[in-house]
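Asker: I'd like to go over a predicted model; first the sequence, then the structure.
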Amino acid sequence: MTTFTMKSIGILAFSMLITACDNANETSASNTSPLATAQSCQQANMVMHNTTIYTANDEQAIAQAVAILGEKIIFVGSNEDAKKYMCGNANVMDMAGKYVYAGFSDSHQHVEGVGQRPKTLSLFGITTLAETREKIKAFAQNVPAGNWVEGRGWIEREWTDEQRFLNKHDVDPFTANKPLFMPRADGVSALVNSKALALAGITKDSPDPQGGKFERDQNGEPTGYVLATAMEIFRALIPPKTKAYIKDSLVQGMAQNAKLGWTATQDAGMPFINVDLMQEIHQQGNMATRIYAAANVQEAALMFSRKREVTPDNMFDLRGIKVYIDGTLGSRGAALIENYADAPHNGFMNRTTQEELEPILRKALREGIQIQTHVIGDRAVKTLLDWYEAAFNDVPESERAVAQPRWRLEHAQIIRPQDQARLVSLGILPSMQPSHGIGDLNFAPARLGTERLAHAYPWQQLIDRGSIILGGSDAPVEVGDPRIEFYAAVARKRLDGTSGDGWHAELAVSRQSALKMFTIWPAYGAFQEDIRGSVEVGKYADFTIFNKDLMTTPEAEILQSENVMTIVGGRITYQK
């Protein structure tokens with residue numbers, strides 16, 4: 001895909017639907033602007049004016065005011081022209097000192113995980129291995145014997161004392177009678193203790209599962225650090241969460257997202273139990289954000305059977321299948337063409353095999369199902385593009401439910417120049433998380449070496465080639481804050497403003513591109529660019545409102561901004 005276009009919606013045709021208010025209402029309403037009395041009153045539920053609105057619409061990039069009727073936008077323009085809507089029963093909001101943006105979308109997230117994060121032990125943000133161990137010890141003391149000790153978020157790259165993976169010896173002394181399972185922050189590797197290994201029957205003689213790995217010491221004994229598909233062995237032993245627990249996590253995750261300023265998130269791998277719970281939540285009117293979801297590849301058959309599920313108000317849309325190919329760079333599980341610069345191997349693949357995936361790809365083309373695939377290393381990217389291209393060749397456009405299927409690469413952190421060109425020519429969309437590109441500063445140079453850094457996290461290179469980038473956070477792997485993601489995209493620096501040698505500052509993007517990465521481009525990546533993603537007449541009234549101008553404020557001050565209001569479909573879902 002070399003260009004990006006959107007269908008425009010005729011303002012004149014839509015305006016015929018607007019009903020005029022009685023002039024009497026215009027003069028009697030308590031929130032009526034006196035300036036509106038001189039003009040005919042046009043019905044609106046909400047008017048925001050006296051502000052700067054960044055629309056993410058190239059035809060009208062900036063506006064001063066917007067009017068909303070029901071769920072939709074009915075006016076975008078100047079303060080003067082907005083006066084005719086500032087009447088009747090409209091909620092007229094003077095937005096002086098605030099900045100309005102097309103609703104921000106997180107293109108890769110796990111909503112249940114965001115909602116669960118406060119419920120289990122969180123190891124995010126801890127700066128030493130010693131403190132991490134003490135946090136686990138204190139938490140484990142309150143877990144009854146025989147119950148699982150669960151948490152998430154440890155990450156050795158942030159530690160200032162030792163930077164190594166946790167192992168069973170770190171936790172065995174205080175968890176001898178209770179199994180432990182704690183994913184690393186990346187969610188693709190985990191710590192388990194000796195009790196968990198024993199329950200799973202994992203010994204020195206146990207082979208590594210396909211698409212996974214048991215880390216071993218020099219004697220071949222499992223250390224308790226497990227990667228990718230090896231994690232599933234232990235997940236299967238943990239008692240399942242109740243539906244009430246999962247449902248509450250989904251609701252809390254959406255509420256947290258709305259608080260941060262997200263109006264929509266794209267859930268990258270939602271089990272069908274969650275899909276059914278989301279339908280309940282929607283029926284109860286308890287969705288604070290929109291969700292565009294992909295089912296897990298393990299449930300692909302069920303996805304094909306049930307097909308796309310979308311609510312009439314487009315608050316929930318299930319349309320994809322999430323596939324998993326390799327691991328992560330931090331855990332040395334990402335599949336590289338050449339060996340790691342700091343390890344004598346090149347990662348692993350086959351979390352989903354070619355044999356398993358090929359029929360799914362072809363059926364997805366014929367059924368109109370979007371494929372979203374986790375790939376991080378350059379070998380994984382190259383291989384997946386081969387598989388995608390073969391499927392495209394086998395199923396011509398005439399046999400597809402959607403001629404241009406908008407399949408995606410999730411993460412795609414290391415992409416060789418020749419594969420960047422292939423990605424664009426095939427119309428594949430990269431879904432990337434800028435926070436990975438700054439968090440990985442602490443270890444990517446060691447993992448990749450100088451040469452591969454030149455095409456690692458290559459945001460601007462892709463844009464220069466004509467691609468768009470679907471920006472996201474991968475929460476709860478990362479914090480999931482739109483301010484951090486926007487800052488990372490435009491600064492390409494750590495949160496304290498520092499960077500590293502050879503980190504290629506030129507691969508940062510402009511603020512205009514960053515705005516699109518979190519607004520109109522994610523909408524395109526969800527086949528929703530005609531209904532949301534920009535501030536245009538006829539689209540859903542989704543807005544993110546900050547107290548700073550992200551487009552002009554100094555880089556460091558982006559992180560100091562605050563979300564003051566989130567509006568989804570004309571409804572305020574968060575207000576500071």
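Answerer: Received, thanks. Numbers count the residues shown, from 1 in each chain.
Asker: what sits closest to the spatially most central residue of the chain if chain neighbours are left out?
Answerer: Nearest to the mean C-alpha position of the chain, counting by Cα atoms, centre = their mean, stands H108 at 2.2 Å. Setting aside the residues directly before and after it, H108 is nearest to G472 in space (Cβ to Cβ, 6 or more residues apart in numbering), at 3.4 Å. In short, each C-beta sits where N, CA and C put it, glycine included.
Asker: list the contacts of the one you found.
Answerer: Applying Cβ atoms under 8 Å, 6 or more residues apart in numbering to G472 gives the contacts 106-109, 266, 431-433, 485, 522.
Asker: count of neighbours near the residue lying closest to P417 once chain neighbours are set aside?
Answerer: In space, P417 comes closest to H455 once its chain neighbours are excluded; the distance is 6.0 Å by Cβ to Cβ, 6+ apart. Neighbour count of H455, defined by other Cβ atoms under 10 Å: 21.
Asker: I'd say H455 and Q418 touch.
Answerer: No. Taking Cβ atoms under 8 Å as the definition, H455 is not a contact partner of Q418, at 9.8 Å.
Asker: now the helices for the stretch 201-350 of the chain?
Answerer: Secondary structure of the stretch 201-350 of the chain, counting by DSSP state H, counting those that start in this stretch: helices at 230-235, 243-260, 272-283, 300-306.
Asker: distance from the chain centre to stretch 388-403, please.
Answerer: 27 Å (Cα atoms, centre = their mean, to the nearest Å).
Asker: can you pull the buried residues of that stretch?
Answerer: Burial within stretch 388-403, assessed by neighbour count using 16 or more other Cβ atoms under 10 Å, is assigned to 388, 391-392, 395, 400, 402.
Asker: pLDDT of it, averaged?
Answerer: Over the span of stretch 388-403, the pLDDT mean works out to 97.
Asker: one step back: for R465, see how far away the residue nearest to P417 is.
Answerer: Applying Cβ to Cβ, to the nearest Å, the value for H455 to R465 is 12 Å.
Asker: joint contacts of the two?
Answerer: Between them, H455 and R465 have Q420 as joint contacts when contacts are counted by Cβ under 8 Å, 6+ apart.
Asker: circling back: what's the residue nearest to the centre of the chain sitting at in phi/psi?
Answerer: phi -160, psi 110 (degrees, to the nearest 10).
Asker: L453 contacts G500, doesn't it?
Answerer: No. Checked against Cβ under 8 Å, the pair L453 and G500 is beyond contact range at 9.0 Å.
Asker: need the overlap of contacts for those two.
Answerer: P445.
Asker: which one's more surrounded, those two?
Answerer: More neighbours surround L453 than the other of L453 and G500, with 21 against 15 (other Cβ under 10 Å).
Asker: residues touching the more buried one, list them.
Answerer: Contacts were defined as Cβ under 8 Å, 6+ apart; by that measure L453 touches 444-445, 502-504.
Asker: cool, H411 as well?
Answerer: 108, 374-376, 431-433, 436, 474.
Asker: now render those residues as CSV, adding secondary structure and distance to N79.
Answerer: Below are the contacts of H411 laid out as CSV (DSSP: H, G, I helix; E, B strand; the rest coil; distance: Cβ to Cβ, whole Å):
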residue, secondary structure, distance to N79
H108, strand, 37
H374, strand, 46
V375, strand, 47
I376, coil, 47
S431, strand, 37
M432, strand, 37
Q433, coil, 37
H436, helix, 40
D474, coil, 39
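Asker: what touches both of H455 and Q418?
Answerer: What both H455 and Q418 touch, as defined by Cβ under 8 Å, 6+ apart, is an empty set.
Asker: okay, helices next: where are they in the stretch 351-500 of the chain?
Answerer: Counting by DSSP H, counting those that start in this stretch, the helices of the stretch 351-500 of the chain are 354-367, 378-394, 417-426, 434-439, 444-453, 459-464, 482-491.
Asker: out of these, which gets nearest to Y225?
Answerer: In this view, the helices of the stretch 351-500 of the chain are compared for proximity to Y225 by Cβ to Cβ, and helix 444-453 is the closest at 16.4 Å.
Asker: so, low pLDDT: which residues of this protein?
Answerer: Within the chain, the segments meeting pLDDT under 70 span 1-39.
Asker: hmm, back to that, most neighbours of all the contacts of L453, which one?
Answerer: Among the contacts of L453, where neighbours are counted by other Cβ under 10 Å, the top count belongs to A444, at 25 neighbours.
Asker: ok, that residue touching T328?
Answerer: No. Applying Cβ under 8 Å as the test, A444 and T328 come out as separate, 11.2 Å apart.
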